[in-house]
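Student: Need coordinates for the below:
(one chain, ligands or ions: 2)
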Amino acid sequence: MNLLITGGAGFIGSNFIRTILAKYPEDSVMNLDLLTYAGNLENLKEIENNSRYKFVKGDITDRSLVDSLMKDTGAVVHFAAETHVDRSVLDSGNFVRSNILGTYTLLESARQHGGKRFHHVSTDEVFGVVEGKPFDENTPYNPRSPYSASKAASDHLVRAYFHTFNLPITISNCANNYGPYCFPEKLIPLAITNLIEGKKVPVYGDGLQVRDWLHVIDHCSAIDTILRKGKIGETYCVGVRKQLPNIEIVRLILKALGKDESFIEFVKDRPGHDRHYAIDPSRVERELGWKSAIAFEEGIAQTVKWYVENAEWWRKVKSGEYREYYERQYGHR
Ligand code: NAD
Ligand code: DAU
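Tutor: Ligands and ions are numbered 1, 2, ... in the order given. The predicted structure follows:
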């Protein structure tokens, strides 16, 4: 397959590109990424000279650029987005632009180039807060942050292009990812890197909010399975049934790095903070035979080790813009 990957210089997209190039010797990848603060070509150093890989710096809202790439594309896997909830609280404009207008631009181009196969990577946050049973494909949408509202809007557009124009789409709604190359604004890499630097970990509110944690490599294998075997027009929820309160995650990381609880700092809660996410992945398991491969205990230990061994990567990322962001986000809390 000749894939157009959007947002391939980010956390999940870069892991996905490495996965595809290693697994499918016949596939080639075009990576379209704007290189926002979250995009980093160092995530793709090992494959930058691969003859089956090409990088194009650009914006998914740029229709003529998207059209020029769409011509030679077999399928689109769409990761590009603004992704951090806290940033969407500070300023939601880019979330509306990239996540909604960007998705629309790609869909329209895919439609006008003969109806390209289109996989949309989305999030469980579109469902809001778990009430009773975990989220599945029939859970009603109830987004509660500007980020999740923009992702919900993009999901609706993708589904509308299937129903109205027969665009061959699939959607995945995934739980929280962790693993190598995650930008250190998200809880797990922020906790690990702060602790290595001798700083405290900011824990929002009472720390009892629950997330369902999935290793990024398992997410990539699920997307690959859905892309190749998924039913057109269908949505698949992806997770591994590993629910943990934030404070427990932080305690695990403290332990792995030999730190005590004095490194926890409870801070003012996130506005509109969703209390609980959890995914029921039964459909993707049952209908497509997808299975996760990485147990949480093993994955988190490997992740801590990766950040310890790759300090050069995150120390560069944690300079400049990041320092200003950290001050804006945490300075007053
Ligand atoms: P990320 O923030 O690490 O990377 C996003 C990438 O998109 C960056 O490389 C950035 O430069 C690029 N980008 C942003 N706006 C762009 C634009 N207008 N044009 C071109 N490129 C642009 O994100 P991630 O964590 O890798 O998430 C990837 C996708 O997966 C997103 O759609 C996100 O909503 C979804 N998702 C993430 C998680 C998670 O836990 N991280 C969970 C479920 C779903
Ligand atoms: O569920 C999927 C979503 O997971 C993705 O769609 C998002 O792109 C991704 O950012 C993530 O969203 P969360 O808001 O759940 O992830 P985050 O790492 O920001 O926060 C995880 C939990 O930890 C959440 O309850 C807030 C809390 N938290 C986070 C940070 C950054 C803290 O207590 N302290 C922090 O400093």
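
Student: quick one: contacts for the closest residue to residue 208 other than its chain neighbours?
Tutor: Ranked by Cβ to Cβ, 6 or more residues apart in numbering and with sequence neighbours excluded, the top spatial neighbour of residue 208 is residue 245, at 4.9 Å. (Each C-beta comes from the backbone N, C-alpha and C, glycine too.) By Cβ atoms under 8 Å, 6 or more residues apart in numbering, the residues touching residue 245 are 207-210.

Student: What sits closest to the closest residue to ligand 2 within the chain if chain neighbours are left out?
Tutor: Distances between the chain and ligand 2 by Cβ to the nearest ligand atom are smallest at residue 123, namely 3.1 Å. The spatially closest residue to residue 123, leaving aside those adjacent along the chain, is residue 151, at 5.3 Å (Cβ to Cβ, 6+ apart).

Student: before we move on, what SS does the one you found have?
Tutor: Counting by DSSP: H, G, I helix; E, B strand; the rest coil, the backbone at residue 151 sits in helix.

Student: does it really touch residue 128, like I thought?
Tutor: No - counting by Cβ atoms under 8 Å, residue 151 stays clear of residue 128, with 11.9 Å between them.

Student: Tell me which of the two has more neighbours.
Tutor: residue 151 (29 against 21; other Cβ atoms under 10 Å).

Student: which ones are touching the more buried one?
Tutor: Taking Cβ under 8 Å, 6+ apart, we find residue 151 in contact with 81, 99, 122-123, 125-126, 143.

Student: that older thread, give me the common contacts of residue 151 and residue 128.
Tutor: Common neighbours of residue 151 and residue 128 (Cβ under 8 Å, 6+ apart) are residue 143.

Student: re the thing from before, count the neighbours of the residue of the chain closest to ligand 2 for me.
Tutor: 23.

Student: Kindly report the same for the one 3 residues further on.
Tutor: Applying the criterion other Cβ under 10 Å, we find 25 residues in the vicinity of residue 126.

Student: For the stretch 101-250 of the chain, which segments count as strands?
Tutor: Ranges of strands within the stretch 101-250 of the chain are 117-123, 169-174, 176-178, 201-204, 210-215, 235-238, 243-245, based on DSSP state E, counting those that start in this stretch.

Student: Would the second one count as contacting ligand 1?
Tutor: Yes - in terms of Cβ under 6 Å from any ligand atom, part of strand 169-174 sits within range of ligand 1, namely residue 174.

Student: Strand partners (parallel or antiparallel) of that strand?
Tutor: Sheet partners assigned to strand 169-174 using DSSP bridges are listed as strand 117-123 (parallel), strand 235-238 (parallel).

Student: Relative to the whole chain's centre, how far out is it?
Tutor: Distance of strand 169-174 from the chain centroid (Cα atoms, centre = their mean, to the nearest Å) equals 12 Å.

Student: From residue 10, how far out is the residue lying closest to residue 15 once chain neighbours are set aside?
Tutor: Among residues not flanking residue 15 along the chain, residue 216 sits closest, at 4.7 Å (Cβ to Cβ, 6+ apart). For residue 216, the distance to residue 10 equals 11 Å [Cβ to Cβ, to the nearest Å].
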